[in-house]
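In: this one's structure only:
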């Protein structure tokens with residue numbers, strides 16, 4: 001009982017702290033002023049019809065924006081604070097479901113799970129879910145639970161100031177990104193229960209299905225992640241159990257239907273044409289090679305600069321898992337060593353050394369139109385080296401996660417989803433303008449990967465060390481970025 005009170009008290013303090021920060025935030029002069037004007041001068045359904053026909057198919061996101069700007073800043077501050085609390089709580093909960101115990105060292109013999117997909121591709125034998133371990137008498141203690149939640153919340157501070165500012169503090173940006181991503185996380189709970197623990201409470205679908213529709217009809221990235229993960233969950237459960245969970249199937253079909261409605265909007269083409277003129281006039285005339293180049297350059301630059309702490313977290317926690325394994329091999333030691341090299345190189349910009357993080361993009365103001373996109377011939381030798389280095393880092397991380405004990409296929413999929421959620425901007429002329437917000441989903445996915453890996457650590461003191469390290473890293477990163485954060489508040 002005390003454990004529940006401590007947890008509720010900590011969550012309440014999180015909410016109050018975030019709400020206090022949000023009281024210093026007002027409407028911006030740009031998009032917020034635009035949304036305020038039109039949502040307060042049109043009826044609800046006429047507004048949605050107008051947006052669907054002339055601009056975008058994100059109907060649930062637009063509905064939430066209408067409600068938010070109609071009810072004003074007090075409403076937004078309360079709901080946004082709640083969403084900014086529910087998001088890390090949901091990510092932590094998913095990570096606990098997905099976390100596996102390597103080498104089957106906690107469960108008793110009579111309680112072992114022996115899951116496998118026919119054909120032997122996924123062997124779950126003696127790799128029990130962390131959640132199942134808790135029901136077997138290995139429950140996470142109250143202090144550790146609070147430390148894990150604090151570490152998860154510190155993930156906000158790992159983000160670049162622009163990413164957090166545009167996706168969580170900017171009024172209309174927070175509605176489209178934080179609110180809908182929070183819905184997406186909670187929509188995945190029943191699927192995660194079915195995959196990792198073998199069953200779920202049917203009542204969970206009463207919140208999961210509405211959340212799924214909201215998330216999949218708001219931001220295309222989140223809708224794609226939801227659709228792929230739920231489809232894979234259905235396939236996995238069918239191969240394992242030889243039956244399909246009907247509520248999950250219904251939820252997945254609703255996501256697909258919402259996604260189709262989003263992409264069928266007649267305003268989508270008008271929006272793209274307008275954004276080409278506003279943000280990237282060269283978009284339509286780019287050759288395929290040039291288009292691939294600027295996408296790869298932009299994506300790799302984001303990992304080298306905005307997402308680097310999350311990559312470091314994966315490398316550090318994964319290396320600890322490799323080193324704790326009783327079956328570690330010379331290849332495992334080599335993988336941990338390479339991870340350490342990549343992590344140190346990723347942190348060099350904090351010391352003012354940017355040779356491995358400067359991709360030659362030379363676009364510093366994302367609010368300005370890009371008249372001329374970067375070209376390969378403009379790169380220096382150092383720029384090319386940086387591109388190659390981070391390309392190798394991303395490929396290495398894929399094999400690194402497969403090497404980590406437990407064969408964490410779900411985590412590999414989440415890692416690839418983080419890359420795909422940025423690569424999809426190949427199809428958008430707002431790649432540079434929207435970049436800061438686009439990184440948000442990648443950061444959240446990688447935070448999930450880090451936490452799920454941490455639950456595989458056998459010793460409690462090592463897990464404590466990881467959580468303390470995450471909190472300290474977040475605080476240090478926040479202090480470094482105070483001037484940038486100040487620019488997004490007030």
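Out: Yes, it's here. What you are looking at is a predicted structure, and each value in this text was computed from that prediction instead of being measured.
In: Return the per-residue confidence for the nearest residue to residue 484 once chain neighbours are set aside.
Out: Nearest-residue entry for residue 484: residue 161, 3.5 Å, with adjacent residues in sequence omitted and distances by CB to CB, 6 or more residues apart in numbering. (Glycine included, C-beta is placed from N, CA and C.) Per-residue confidence at residue 161 stands at 94 (pLDDT).
In: Check residue 126 too.
Out: For residue 126, the model assigns a pLDDT of 43.
In: Over to residue 116?
Out: Per-residue confidence for residue 116 comes out at a pLDDT of 42.
In: before we move on, what about residue 136?
Out: At residue 136, the predicted lDDT confidence score is 37.
In: Next: residue 486.
Out: The model's pLDDT for residue 486 equals 75.
In: got it, and residue 217?
Out: We have a pLDDT of 92 for residue 217.
In: so where is the protein shaky, pLDDT-wise?
Out: 1-4, 100-142, 406-407, 487-490 (pLDDT under 70).
In: same thing but 80
Out: 1-6, 100-142, 326, 364, 405-408, 485-490 (pLDDT under 80).
In: For stretch 250-262, which outside residues touch it?
Out: Outside of stretch 250-262, the residues that reach it under the criterion CB atoms under 8 Å, 6 or more residues apart in numbering are 57-60, 187, 190-191, 205, 208-209, 212-213, 216-217, 220, 223-224, 226-227, 230-231, 234.
In: go on, stretch 466-476?
Out: Applying CB under 8 Å, 6+ apart, the contact partners of stretch 466-476 are 144, 147-148, 150-151, 154-158, 309, 313, 316-317, 320, 450, 454, 457.
In: just the buried members of the contacts of stretch 250-262?
Out: Members of these that pass the buried threshold by neighbour count (16 or more other CB atoms under 10 Å) are listed as 57-60, 187, 190-191, 205, 208-209, 212-213, 216-217, 220, 223-224, 226-227, 230, 234.
In: my guess is residue 361 is in a strand, correct?
Out: No - using DSSP: H, G, I helix; E, B strand; the rest coil, the secondary structure at residue 361 is coil, not a strand.
In: Contact partners for the residue lying closest to it once chain neighbours are set aside?
Out: The shortest distance from residue 361 to any non-neighbouring residue, by CB to CB, 6+ apart, is to residue 301 (5.3 Å). For residue 301, the contact set (CB under 8 Å, 6+ apart) comprises 357, 359, 361.
In: nearest to residue 34, of those?
Out: Proximity of these to residue 34 was ranked by CB to CB; the top entry is residue 361 with 28.4 Å.
In: distance of the closest one from residue 299?
Out: 11 Å (CB to CB, to the nearest Å).
In: can you check residue 223 too?
Out: Spatial separation of residue 223 from residue 299 under the definition CB to CB is 20 Å.
In: Then residue 173?
Out: Remark: distance between residue 173 and residue 299 (CB to CB) = 21 Å.
In: biggest helix in the protein, by residue count?
Out: Longest among the helix segments of the chain by residue count, using DSSP state H, is helix 73-98.
In: Pull out the buried residues from stretch 270-287.
Out: Buried residues in stretch 270-287, counted by 16+ other CB under 10 Å: 271, 275-276, 279-280, 283.
In: For residue 92, list the residues it contacts.
Out: With contacts defined as CB under 8 Å, 6+ apart, residue 92 is in contact with 148-149, 152, 451.
In: out of those, who's nearest residue 369?
Out: Out of those, the one with the shortest distance to residue 369 is residue 152. That distance is 37.6 Å, counting by CB to CB.
In: element containing that closest one, please.
Out: Assigned by DSSP states H and E, residue 152 belongs to helix 142-153.
In: same question, residue 53
Out: Using DSSP H and E, the element containing residue 53 is helix 44-54.
In: And residue 456, by the same measure?
Out: With DSSP H and E as the criterion, the answer for residue 456 is that it lies in no helix or strand.
In: what's the neighbour count on it?
Out: For residue 456, the count of nearby residues is 25 (other CB atoms under 10 Å).
In: Tell me the spacing between it and residue 95.
Out: Distance, residue 456 to residue 95, using CB to CB: 11 Å.
In: And residue 284, by the same measure?
Out: Residue 284 sits 42 Å away from residue 95 when distances are taken as CB to CB.
In: Now do the closest residue to residue 485 other than its chain neighbours against residue 305, distance only.
Out: Nearest in space to residue 485, with sequence neighbours left out and distances taken as CB to CB, 6+ apart, is residue 161 at 4.9 Å. Noted for residue 161: a distance of 12 Å to residue 305, by CB to CB.
In: the more surrounded of those two?
Out: A direct count of neighbours by other CB under 10 Å for residue 161 and residue 305 places residue 161 higher, at 22 against 18.
In: Can you verify my assumption that the more buried one contacts residue 477?
Out: No - between residue 161 and residue 477 no contact is recorded; they are 9.3 Å apart, counting by CB atoms under 8 Å.
In: Could you list every helix and strand in contact with the helix holding residue 152?
Out: Other elements packing on helix 142-153 under the criterion 3 or more CB pairs under 8 Å, 6 or more residues apart in numbering; DSSP states H and E are helix 2-22, helix 73-98, helix 431-454, helix 460-480.
In: Quick check: closest non-adjacent residue to residue 47.
Out: Once flanking residues are discounted, residue 47 sits nearest to residue 66: 5.6 Å by CB to CB, 6+ apart.
In: So what's the residue count around the one you found?
Out: The burial count for residue 66: 22, using other CB under 10 Å.
In: Please determine how far it is located from residue 36.
Out: Using CB to CB, residue 66 is found at 11 Å from residue 36.
In: All set now, cheers.
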